[in-house]
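>>> Below are the sequence and a predicted model; questions follow.
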Amino acid sequence: MKLIIPILAVLALAACQEEEAKAPPPPADLTVTALSFFCQMNIADHGGPKGQVHLEGYPAPLFFAQVRDLVAYLKSPERDANITAIYVSDMGRAASWEEPGIGNWILANDALFVVGANVAGGMGAPEIVPFAQSNAAQPFIDLYGGTLLPLSEIPDDAALAPIDFSQQLETPS
């Protein structure tokens, strides 16, 4: 019996350390020098929500000028490393569409996304708009339309379908 208690203590400590090791890395603040992964354009020059993906073994996250681009990256089978964290702008806390915030990140798996709204993201394509709370998303949906979905339910065509740039999309204020 005396041997069992120390063994249990060691196992409990190991389990705590394993949980701690699995904690996602914190989000990186968006800086004026951050470049979008796909186009290598400066993210600060484009409005709308942003995203960042942290990869195992990489010191800095991949930034995305549009959440639509981030979702396209996630749905792509051609990734180099395991994803350790995914963050998106909480547009419920954004000052405006043009100023989505440098540090108002939320874990993408905890966010709700407005899909199918009549809005253009930072690169001019239809945007997938993240919110931390459904009540913050509802006024946006009332103005621009769309459906509220978790990340896991965003359909492929919302991020991977060809872009019709002749479509008249709005830029929220």
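The structure has been received and is ready for your questions. Residues are numbered from 1 along each chain as shown.
>>> Now the residue most central in space within the chain: phi and psi?
With the centre of the chain defined as its mean C-alpha position, the nearest residue by CA atoms, centre = their mean is Val88, 2.8 Å away. Backbone dihedrals for Val88, given as degrees, to the nearest 10, come out at phi -130, psi 160.
>>> what's it in contact with, if anything?
For Val88, the contacting residues are 49-52, 67, 70, 105-106, 108, 111, 113, 130, taking CB atoms under 8 Å, 6 or more residues apart in numbering as the criterion. Where C-beta positions appear, they are placed from N, C-alpha and C, glycine not excepted.
>>> got a markdown table for the residues you listed, with neighbour count and secondary structure too?
Formatted as a markdown table, the contacts of Val88 follow (neighbours: other CB atoms under 10 Å; DSSP: H, G, I helix; E, B strand; the rest coil):
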| residue | neighbour count | secondary structure |
| --- | --- | --- |
| Pro49 | 30 | coil |
| Lys50 | 31 | coil |
| Gly51 | 29 | strand |
| Gln52 | 24 | strand |
| Val67 | 30 | helix |
| Leu70 | 29 | helix |
| Trp105 | 26 | strand |
| Ile106 | 21 | strand |
| Ala108 | 23 | helix |
| Ala111 | 27 | coil |
| Phe113 | 27 | strand |
| Pro130 | 28 | strand |
